[in-house]
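A.B. asks: Predicted coordinates and the sequence they were generated for:
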Amino acid sequence: MISVEEALAKVLGYFDILESEDEEILNCLGQVIAEDIYSTINIPGMDNSAMDGYAVQAQSTIGATRSSPNILRVTGEVAAGYLTKEKVMSGTAIRIMTGAPVPKGADSVVQFEDTDEETRKSQNKPLTEIGIQCEVEKGLNIRLAGEDISSGSLVLNKGTVIRPQEIGVLASLGRKVAPVIRRPVVAILATGDELVDVGNHLPQGKIYTSNTYSLAAQVIRYGGVSEILGIALDNVKALEEKFREARDADLLITSAGVSMGDYDVVKDVLAKHGEVTFWTVRMKPGKPLAFGQLRVGKRIVPHLGLPGNPVSSMITFEQFARPAILKMLGRKDLRKATIHARCESPVRNTDGRRIFARVNVSEQNGEYHARIVGAQGSGILTSMSQANGLMIIPEDAPGVSVGDTVVVQMLDWNVDI
């Protein structure tokens, strides 16, 4: 058996950043920008109003108060998206909406609240004149051209992970597509004579292939493209046929078939058609774990053989498949968020393996607390649905007691914790 760190280093050592592609911006969420993005336009394109109000010359407001407003002649109105040919002169104003280009001659905008517009409306007076009720300085409520982004400037750096805000920035530049590192294609194959696909009748002695769907969901969650290959029976011929379907994948993941049993044939086929880099890791759950390379036609496809137990499958995916996917995506930080918490449930370590115990983390009086959820058997998938973190107990530790400070790897990290 090798350590978790050794296994992860061997897995990550095989993968590199994938090539780039042009993708529509709404499909880019979570992807990494493949080249620096420069702007070809100013944003905003023209000086525009930050408020609904009146475009004026600041000098026209000198001495204005609420009790003694300065009366200006209104010569026009302009809305966002339109231009006006009218020019603001001393003693005049143009009614203006938020986002509208500032008319020539104006150097400030007085918001509606600092005028007598509401009074005039209530008295059914035409807005041919307006009372300005305060003095303003030049530049008030005006957003300058290029204030956000100037033409020719670097807007988004290569290596930036695209979030909704980056999609908004790309859209503001008028870009329909963006150059990004492409998403890795991860083929998923479940093995076992006992498996039945969802939606079908379940005969006695059979189980539904839950691993297929939890693993596919994990692939999608971390930015990959899942390619479900279905179910392979526990024999060499069936596996070889299914393996050939993974010829275009960037990674092949199988579940089950890597233990010591007579019907665990995945590692045997892997050894026949490729090479096994390692088999078994010093962790619990997840000891039977195989990684290697598989010859599929003219291609070499990396293969990660996960355990068949559903909890073991999901936890080993988090430790090894997730960082491999992120590395192929060009992500720089491959770590999972960890916190320190106060242990509420004792756990014994009896066989010198690193334990990943399913826990629920909550915050109490400004301190995190971790509580074991349900039975910890590797076949009890509902314990994963109740957990938001994995409490890590080192392989050289005898266990943890109530009140100990422990490290928890967060499966979910959100504002509710």
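C.D. replies: Now that the structure is in, tell me what you want to look at. Just so it is clear, the structure is predicted and the values come from calculations on it, not from any experiment.

A.B. asks: what about A271, neighbour count?
C.D. replies: When neighbours are counted by other Cβ atoms under 10 Å, A271 registers 13. Where C-beta positions appear, they are placed from N, C-alpha and C, glycine not excepted.

A.B. asks: Lowest-scoring secondary structure element of this structure by mean pLDDT?
C.D. replies: Least confident helix or strand of the chain, by mean pLDDT, DSSP states H and E, is helix 266-273 with a mean of 80.

A.B. asks: okay, now the domains of the chain?
C.D. replies: Structural domains annotated on the chain: 4-17+183-328, 23-43+156-181, 48-143, 338-410, as defined by automatic domain parsing.

A.B. asks: ok now the third one, how far from the chain's centre?
C.D. replies: Looking back up the chat, that one is domain 48-143. The chain centroid and the centroid of domain 48-143 are separated by 44 Å under Cα atoms, centre = their mean, to the nearest Å.

A.B. asks: Let's test this: mean pLDDT of that domain, rounded?
C.D. replies: Average pLDDT, domain 48-143: 97.

A.B. asks: for the stretch 151-300 of the chain, which spans come out with low pLDDT?
C.D. replies: 259-264 (pLDDT under 70).

A.B. asks: Direction included, what does the next helix or strand after the least confident helix or strand of the chain pair up with?
C.D. replies: Beyond helix 266-273 on the C-terminal side, the first helix or strand identified by DSSP states H and E is strand 274-279. Paired with strand 274-279 in the same sheet, following DSSP bridges, are strand 290-296 (antiparallel).

A.B. asks: what comes up buried for the partner strand?
C.D. replies: For strand 290-296, burial by neighbour count (16 or more other Cβ atoms under 10 Å) applies to 290-294, 296.

A.B. asks: Go through these and name the one nearest R183.
C.D. replies: Comparing these against R183 with Cβ to Cβ places V296 closest, at 19.9 Å.

A.B. asks: Tally up the residues packed near the residue lying closest to the closest one once chain neighbours are set aside, please.
C.D. replies: Distances taken as Cβ to Cβ, 6 or more residues apart in numbering put R247 closest to V296, at 4.4 Å, once the chain neighbours are dropped. Residue crowding around R247 was assessed by other Cβ under 10 Å; the count is 14.

A.B. asks: show me the residues around Y222 that make contact.
C.D. replies: Residues near Y222 by Cβ atoms under 8 Å, 6 or more residues apart in numbering: 322, 325-326.

A.B. asks: re the thing from before, of all the domains of the chain, which one comes closest to I149?
C.D. replies: Counting by Cβ to Cβ, I149 lies closest to domain 23-43+156-181 out of the domains of the chain; the figure is 4.1 Å.
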